[in-house]
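got a predicted model here, sequence first, then my questions.
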Amino acid sequence: MRLIPYVLTLLLASQAQASVIELTKTGKDLDGVALSSKAIVKIDGRETSLTTIGAGLRSKKISFALPSVKVYVAQLFLSQPESFVRLEDQALSSANKSTVFAIQLSFLRAVEAEKVMVAFRDSLKANAVDFSKGEVAEFLRAVEKGGEAQSGKNLVIVGERLSDGTEVIHYETTGEKLYSVVGAPGFMNKILSIWLGVPADGGLKDLRKALVGGA
């Protein structure tokens, strides 16, 4: 088996391209976003079939005096859905048994790149993930470089565990530019903790419940 050292790389697709994910729609929707039962991820000539685990709304409180705002609808897909445990304290570890995951965020409002990055960083901090260096820092830089999350568009994050143990996170912006970050084992689990780990706020807690419950 050819071994690839865990060298961290950040790759930028210089032009927009076709989306890395194709969805099978159910005919149902959540806050106007079409829900899907299955997905196919296509990256670098590899095709992987995924099954929908759940979907939910991400809301966020931006002022004590105002109600929470709707940010995005998230849909979670896994390559080994049979291994997923629908208990909130076991969801993250069981999701990590899949060799490929995808999460699609369908934005209901425009969000600046820095704010998306900060939101992800806060979730990583809540899960005691060191985001100051290594592949996680590279991932956050990709998020910041990726530009604004556009209203009505989809942001897609795909994690792959390759045959040599390398883990790759692909970050596709709402403008369909693709960034890929290569890391060591455990990288996928760290990124998934943003949605399935310890919630950084009440809106993420509600979203995790929906994803785990299969809404």
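Received, thanks. Quick caveat, the model's predicted, so the values are computed rather than measured.

quick one: average pLDDT of the longest helix along the chain?
For the chain, the helix with the greatest residue count under DSSP state H is helix 113-126. Taken as a whole, helix 113-126 has a mean pLDDT of 98.

ok, the spatially most distant residue from the centre of the chain to Leu50 distance?
Using C-alpha atoms, centre = their mean, the residue of the chain lying farthest from its centre is Ala65. It sits 30.2 Å away. Distance, Ala65 to Leu50, by C-beta to C-beta, to the nearest Å: 41 Å. The way it works is simple: take the backbone N, C-alpha and C, and place the C-beta from them, glycine included.

thinking again about what came up before, correct me if wrong, but the residue farthest from the centre of the chain is in a helix.
No. According to DSSP: H, G, I helix; E, B strand; the rest coil, Ala65 belongs to no helix; its state is coil.

tally of neighbours for the nearest residue to Val129 once chain neighbours are set aside?
Nearest residue to Val129, sequence neighbours excluded (C-beta to C-beta, 6 or more residues apart in numbering): Lys190, at 4.8 Å. Neighbourhood size, Lys190 [other C-beta atoms under 10 Å]: 25.

same check on the one 3 residues further on?
Here the neighbour count serves as a burial measure; for Ser193 (other C-beta under 10 Å) it reads 19.

residues touching it, list them.
Listed by C-beta atoms under 8 Å, 6 or more residues apart in numbering, the contact partners of Ser193 are 92, 123-124, 127, 129.

of those residues, closest to Ser98?
Closest to Ser98 out of the contacts of Ser193 is Leu92 (11.6 Å), distances taken as C-beta to C-beta.

mind exporting whichever strand or helix holds the closest one as CSV, just the C-alpha atoms?
Per DSSP states H and E, Leu92 falls inside helix 91-95. Extracted in CSV, the C-alpha atoms of helix 91-95 (Å, rounded to 0.1, in the frame of the first residue of the first chain):
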residue,chain,number,x,y,z
ALA,A,91,-24.3,10.5,17.1
LEU,A,92,-20.8,12.0,16.5
SER,A,93,-18.8,8.9,17.2
SER,A,94,-21.2,6.7,15.2
ALA,A,95,-21.2,9.1,12.2
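
the residue lying closest to Gln150 once chain neighbours are set aside: which element?
In space, and not counting its chain neighbours, Gln150 is closest to Thr174: 4.3 Å by C-beta to C-beta, 6+ apart. Here Thr174 sits in a region with no helix or strand, counting by DSSP H and E.

follow-up on the earlier one: quick check: the two most widely separated of the contacts of Ser193?
Among the contacts of Ser193, Leu92 and Leu124 lie farthest apart (C-beta to C-beta), at 12.8 Å.

so what's Asp206 up against?
Per C-beta under 8 Å, 6+ apart, neighbours of Asp206: 56-57, 59.

so which of these belong to strands?
56-57, 59 (DSSP state E).

what ranges of this structure fall below the confidence cut-off?
Counting by pLDDT under 70, the ranges of the chain that qualify are 1-17, 215.

at 90 what do you get?
Along the chain, segments meeting pLDDT under 90 span 1-18, 61-67, 214-215.

His170 versus the closest residue to Glu88 other than its chain neighbours, what's the distance?
Once flanking residues are discounted, Glu88 sits nearest to Val212: 5.4 Å by C-beta to C-beta, 6+ apart. Applying C-beta to C-beta, the value for Val212 to His170 is 23 Å.

all good on my end, thank you.
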